[in-house]
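# I'll drop the sequence and a predicted model, then ask my questions.
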Amino acid sequence: MGKDRLNRVVLAFSGGLDTSVMVRWLRENYGCEVIAFAADLGQGENLKPLPARAEAAGAADIVIKDLRQEFAEQYVLRGLKAQAIYENGYPLATALGRPLISRHLVEVAEKYEADAVAHGSTGKGNDQVRFEVSARALAPDIEVLAPVRNWELKTREAEIEYAQKHKIPIEVTAASPYSYDRNLWGVSIECGPLEDPWQRPPDDIYQMTVSPAEAPEEPEEITLKFEAGRPVELNQQELPLVELIEQLNKLAGAHGVGRIDMVENRLVGIKSREIYEAPAGLVLHSAHQALMDLVLERDLYHYLQELSLRYAELVYNGLWFSERREAFDALIDQAQRYLSGEVRIELYKGRAVVNGRRSPHSLYDRALSTYEQGDQFDQSLSTGFVRLWGLPLEVAGRRRSR
Ligand code: ARG
């Protein structure tokens, strides 16, 4: 094939058709040994069949790591504190997962003294960017292979044929037309009928949420407690972050909360129709936001709102391992020292509504805001304030009328 020979390649392996075929394809084309690497980010699927699948596909070894805690603590929590939501909708489940997978992919490659790492993303998406940029940020000299961008297996049929030819067992299920990526923080769903943005998403695509129409007729109120921006309790029960998110996914998903339908801008310039489910993500973002409303000094709050946009963009565009992100995190941690308190949220028929919030560090001062007894706000001070605030416009108004 005229490709350079390699000794050993570590492949980010999901066990699906693409990466199963890829194990064999890498061996054939580079004459290399392939180590499969799989990460548990809480995708809820059983990872047990993966070793057998990797072996059957021809991998020399497989490494599986449970990264749920690292994912929750170092990635999801950062995204939550940053209020990082891409294009007003997407809480970035896939985008936050990729840099973590890349980090461990590189680590495994170093341990196995591999010549290269490989991933199964296409040339049309964001995931290729996230994998490659992250891998090179951490190991600048590493070689990264992305076979899907240029291999001869252009269609699903060609891949299936290749698998059959090489006796790679694949689950030829009734071939779902959808592409799923799932972790603790949510599911991303693409392809098939969803490629028509006018088409209503079919009911059977969802994995984490029931249809709001079929959700319970009774609303359910939950409480979340935060400490310095971090969720620490769900319904008065202290929980490690992974468990808190898992439980909240179930609670909110059962009320149909967490479905997101959007057309978004990929980094490579394509608009794509995306369906997401993020039950815990949506509830936690609303609750965190409600606490910010109560606790943050106004100008800092507005500044963080701008930062949220930049942060989401940065994560989406694969720049996680940047010094800019580290600097943002330092600022956000500092800004959220006082972000402790509780939020009550009602889950009902696909909606999560904040019913109340309280904090020992609240800046809400009833004596200032009340229109009833006990008002301590001196309204006479506003006379001069308002006059000076508007003075530039008043001066300009005079010029206009001259
Ligand atoms: N559009 C989303 C993103 O860029 C989801 C990507 C989903 N990836 C996948 N392999 N299905 O983060």
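Structure's in. What do you need?
# CA only for contacts and neighbour counts going forward, please
Will do.
# and what about Gly125, helix, strand or coil?
coil (DSSP: H, G, I helix; E, B strand; the rest coil).
# neighbours around it, how many?
15 (other Cα atoms under 10 Å).
# could you do Glu73 as well?
Neighbours of Glu73 (other Cα under 10 Å): 14.
# what sits against it?
Glu73 is in contact with Leu241, counting by Cα atoms under 8 Å, 6 or more residues apart in numbering.
# same check on Glu70?
So Glu70 contacts nothing (Cα under 8 Å, 6+ apart).
# got the phi and psi for it?
Here is the backbone geometry of Glu70 (degrees, to the nearest 10): phi -60, psi -40.
# ok, Gln69 next?
Dihedral pair for Gln69: phi -70, psi -40, per degrees, to the nearest 10.
# that one reaches Val242, doesn't it?
Yes - when contacts are counted by Cα atoms under 8 Å, Gln69 is listed as touching Val242 (6.1 Å).
# from Tyr30, how far off is Leu17?
20 Å (Cα to Cα, to the nearest Å).
# ok, Ile101 next?
23 Å.
# more neighbours: those two, which one.
Neighbour tally, Ile101 and Tyr30, criterion other Cα under 10 Å: the higher count belongs to Ile101, 24 against 18.
# report whether the strand or helix carrying the more buried one contacts the ligand.
Using DSSP states H and E, Ile101 sits in helix 93-111. Yes - with Cα under 6 Å from any ligand atom as the criterion, the ligand is reached by helix 93-111 at Thr94, Ala95.
# tell me what whichever helix or strand comes after that helix is packed against?
Next along the chain after helix 93-111, taking DSSP H and E as the criterion, comes strand 116-118. Applying 3 or more Cα pairs under 8 Å, 6 or more residues apart in numbering; DSSP states H and E, we find strand 116-118 packed against strand 8-12, helix 93-111, strand 143-145.
# what lines up beside strand 116-118 in the sheet?
The strands beside strand 116-118 in its sheet (DSSP bridges) come out as strand 8-12 (parallel), strand 143-145 (parallel).
# buried set for the shortest one?
When you say that, I think you mean strand 143-145. For strand 143-145, the neighbour count (16 or more other Cα atoms under 10 Å) marks Val144, Leu145 as buried.
# which residues of the stretch 251-400 of the chain fall in helices?
Listed in chain order, the helices of the stretch 251-400 of the chain (DSSP state H, counting those that start in this stretch) span 279-295, 298-316, 323-335, 366-369, 381-389, 391-401.
# for Asn317, grab the count of nearby residues.
Asn317 has 18 neighbours, counted by other Cα under 10 Å.
# check contacts around it.
Asn126, Val129, Arg130, Leu267.
# if we use 10 Å, what do you get?
Contact analysis of Asn317 by Cα atoms under 10 Å, 6 or more residues apart in numbering lists Ala95, Asn126, Asp127, Val129, Arg130, Val133, Arg266, Leu267, Val268, Tyr311.
# Gly253: neighbouring residues, count only.
Residues lying near Gly253 (other Cα under 10 Å) number 25.
# please name the nearest non-neighbouring residue to it.
In this structure, Gly253 finds its nearest non-sequential neighbour in Thr209, 4.1 Å apart by Cα to Cα, 6 or more residues apart in numbering.
# okay, the one you found: pLDDT?
Thr209 carries a pLDDT value of 98.
# what's it sitting at in phi/psi?
When read as degrees, to the nearest 10, the backbone of Thr209 gives phi -130, psi 150.
# please tell me how far it sits from Arg351.
12 Å.
# mind checking which of those two has more residues around it?
More neighbours surround Thr209 than the other of Thr209 and Arg351, with 23 against 19 (other Cα under 10 Å).
# pull up the overlap in contacts between Thr209 and Arg351.
Ala252, His255, Gly256, Val257, Gly258, Arg259.
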